[in-house]
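> attaching a predicted model along with its sequence, questions to come.
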Amino acid sequence: MGHTLASGPAGDTTATLLRVVEEVAGELHPHRRVEATLDSQLDRELGFDSLGRVELLARIERTCGCALPEQVAATVETPRDLLRAMLASHPASGSDAGADTGPMATTEASVPTQVQTLPEVLQWHAGHEPDRCHIRFYADAGDEEILTYGALARDAARMAAGLQGFGLQPGEAVAIMLPTCPEYFPVFFGTLLAGGIPVPMYPPARPTQIEDHLRRQSAILSNCMAPILVTSQEIVAVARMLGAQVPTLRRVVTTAELAGDAAPVLPQVSPDAIALLQYTSGSTGNPKGVVLTHRNLLANIRAMGAAAAVTPADVFVSWLPLYHDMGLIGAWLGSLYHAMPLVLMSPLAFLARPQRWLQAIHRHRGTLTAAPNFAFELCLRRIDDATAPAIDLGSLRALCNGAEPISTDTMQRFQDRFGVAGLGRGAILPVYGLAECAVGLAFPVLGRGPVTDRVRRDPLLTDGQALPAAPDDPTALAFISCGQPLPGHQIRVVDDGDREVPERREGRVQFRGPSATSGYYRDTEATRNLFHGEWLETGDLGYLANGEIHITGRTKDIIIRAGRNIHPAELEEAVGDLAGIRKGNVAVFGSLDPAAGTERLVVVAETRETEAFETLVTKASRLLRSVSHVESEA
């Protein structure tokens, strides 16, 4: 190898570390010859992406018996940085599930059913139960920091004073580029108290990415015309250079610089004032900011609460990012309104050790939680059968899967793995929603568990008819039911002429209801394309059966080949199941074939195989032909 080993225990640690780095790098890129030194760049020289870094940390912890802080995955640049973290780490414990802390809440709390704005929600709780736990910041061991309603209200007022001191006017946007941290919440509510509009933005993953990340985020800042960006100390110096790209940006400040001492002047906030701009795309040149008012958000939170029978006795456990609607609205603001404690960890903490999510549910007797489908897959890959019985998931009554295509296979395997941990099948809730409806749009019946609809392949792909398949039909397509629209909301399925189609007919999914956005911020054309009369486009295809919505794919993703509609998600899952293919790292798309006048089916899949590469291509092509009945280019 190309490294020089030190002597003594530190030398042994160095040798072990570099061996593990080379092993994982070799698995990620089997065609490369990898020689790591302590000063090799993990990304540029060794080829570690974000998930590769997570795998590397997990391998180091297993090999060396240490527990590394989750931020290490995002911040280290070289093996030398890893070595420093290892030498400063503590030994890994056998389990960090922790003891049962008992109930965190009682049913004595009440819910502000009559308030009309988010500031009124916070002020109501702070006035009624200022010392009640609002957020508990999860820690593997030791004391966990708690944010009460009273503390949030006091800190939010200080942030509001600081924003007004920097010249923020009512109706102006405040960009919030912070990780999951205690300071995030008073900044968000401080913006609302000052009459501003919070704009959540995701922070850069690593220090070396700050400049490029901010350059890409300038499109959002320009669209919302935010005069103030609130960010962390690590980002602030680089972010201040954005002024040349975003002329409206007057101030880039940290939370410490923002906190003011004077009492804020609280403007009157209308229920129809904008309470949030939720951007649906932060990495393209044309991001769209979904406009959500206080009325929209409270309507959605109340409707989801009714559908899930939420009470103050519930406990929500979340690792979801706060710049995403499911984490921001579904987890945090929903918990705030319903007076239930929120047990919160950062997304990075979950990615580093997925068992933390389930251990937090175990420790705090979580009753509600939610995640996209990939999170369930990550738990299946990283939590083995031996670990599952040590975790008690019997307290869960609603485990929501949403925000991306839901795999019936993933849900079944998750139930099989964690049923021994007390997870009841009726707790799993496949849900459907979108940012244009705040977050939630359809929920299934509580306690029923996932219901899969198997339909005949050919009628659906050639004629859009979702006809029930025979139980023994090996070619049947499976779509999971996401239930019925939330109270007060409606869903319809239409054809290309906007005519409503009958049940079991595939078409474009549209919705309307009190949570529906009024459009995209400062984007007239995109708003015009969103609305069809009083109905809004979801961008999804699906069908209704027994009044319940089944999503079949995205309208823009459908591939038309030889007169058939091909759904990429099904093919991506099938290819991902092949031995040698990295599940979740498969993309299927159409490419115009001018000679044939139709679309070619193209598959891009990641593999670590080298010797059997051609054999793998052959297997993938054969599988795609059997599944889709068309030729593909792998």
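Alright, I've got the coordinates. Residues are numbered from 1 along each chain as shown.
> quick one: buried residues of the helix or strand hosting Phe418?
In the assignment (DSSP states H and E), Phe418 maps to helix 408-418. Within helix 408-418, the residues that qualify as buried are 408, 410-411, 414-415, 417-418, counting by 16 or more other C-beta atoms under 10 Å. For every residue, glycine as well, the C-beta is placed using N, CA and C.
> pLDDT averaged over stretch 29-40 - what is it?
For stretch 29-40, the mean pLDDT works out to 79.
> what do you get for stretch 553-572?
For stretch 553-572, mean pLDDT is 61.
> now do stretch 214-230
91.
> with stretch 75-85 instead?
Across stretch 75-85, the average pLDDT comes to 81.
> which other residues reach that stretch?
In this structure, residues lying in contact with stretch 75-85 by C-beta atoms under 8 Å, 6 or more residues apart in numbering are 13-14, 17-18, 21, 36-43, 53, 56, 60, 68-69, 72, 206-208.
> run the chain-centre distance for it.
Its chain's C-alpha centre lies 27 Å from the corresponding centre of stretch 75-85 when counted by C-alpha atoms, centre = their mean, to the nearest Å.
> could you chop this structure up by domain?
Recorded structural domains for the chain (assignment: automatic domain parsing) are 8-91, 356-554, 559-633.
> hang on, the earlier thing: now for the helix holding Phe418, which elements pack on it?
Judged by 3 or more C-beta pairs under 8 Å, 6 or more residues apart in numbering; DSSP states H and E, helix 408-418 is in contact with helix 373-382, strand 428-430, strand 477-480.
> and the end-to-end length of stretch 120-136?
Terminal residues of stretch 120-136 lie 22 Å apart, using C-alpha to C-alpha, to the nearest Å.
> now that stretch: buried residues?
By 16+ other C-beta under 10 Å, the buried positions in stretch 120-136 come out as 120-126, 129, 132-136.
> okay, and which of those map to helices?
Applying DSSP state H to the buried residues of stretch 120-136, the entries found in helices are 120-126.
> distance to His294 and pLDDT for the buried residues of stretch 120-136 - can I get that in a markdown table?
Formatted as a markdown table, those follow (distance: C-beta to C-beta, whole Å; pLDDT from 0 to 100):
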| residue | distance to His294 | pLDDT |
| --- | --- | --- |
| Glu120 | 8 | 98 |
| Val121 | 9 | 98 |
| Leu122 | 12 | 98 |
| Gln123 | 13 | 97 |
| Trp124 | 13 | 97 |
| His125 | 16 | 97 |
| Ala126 | 17 | 97 |
| Glu129 | 22 | 95 |
| Arg132 | 22 | 95 |
| Cys133 | 25 | 96 |
| His134 | 19 | 98 |
| Ile135 | 21 | 98 |
| Arg136 | 26 | 97 |
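> can you list the residues you listed in JSON lines and add distance to Met304?
Listed next are the buried residues of stretch 120-136 as JSON lines, based on distance: C-beta to C-beta, whole Å:
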{"residue": "Glu120", "distance to Met304": "19"}
{"residue": "Val121", "distance to Met304": "15"}
{"residue": "Leu122", "distance to Met304": "19"}
{"residue": "Gln123", "distance to Met304": "22"}
{"residue": "Trp124", "distance to Met304": "19"}
{"residue": "His125", "distance to Met304": "18"}
{"residue": "Ala126", "distance to Met304": "23"}
{"residue": "Glu129", "distance to Met304": "22"}
{"residue": "Arg132", "distance to Met304": "21"}
{"residue": "Cys133", "distance to Met304": "21"}
{"residue": "His134", "distance to Met304": "18"}
{"residue": "Ile135", "distance to Met304": "19"}
{"residue": "Arg136", "distance to Met304": "21"}
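> out of those, who's nearest Leu249?
Distance to Leu249, by C-beta to C-beta, is smallest for Leu122 among those, at 27.5 Å.
> so that closest one is in contact with Gly150, correct?
No: using C-beta atoms under 8 Å, Leu122 is not in contact with Gly150; the gap is 10.0 Å.
> so what sits against both of those two?
Residues touching both Leu122 and Gly150 (C-beta under 8 Å, 6+ apart): none.
> which residue ranges of the stretch 1-150 of the chain form helices?
With DSSP state H, counting those that start in this stretch, the ranges of helices along the stretch 1-150 of the chain come out as 8-28, 50-64, 72-75, 79-87, 118-128, 149-165.
> nope, the stretch 401-550 of the chain is what I was after
Here the stretch 401-550 of the chain has its helices, by DSSP H, counting those that start in this stretch, at 408-418, 457-463, 524-530.
> how much space separates Ala237 from Met411?
Shown here: Ala237 relative to Met411, a distance of 45 Å by C-beta to C-beta, to the nearest Å.
> how about Ala303?
Applying C-beta to C-beta to Ala303 and Met411 gives a distance of 24 Å.
> which residue is the nearest non-sequential neighbour of Met220?
One correction, residue 220 is Ile, not Met. Spatial nearest neighbour of Ile220, chain neighbours left out: Pro287 (4.9 Å); criterion: C-beta to C-beta, 6 or more residues apart in numbering.
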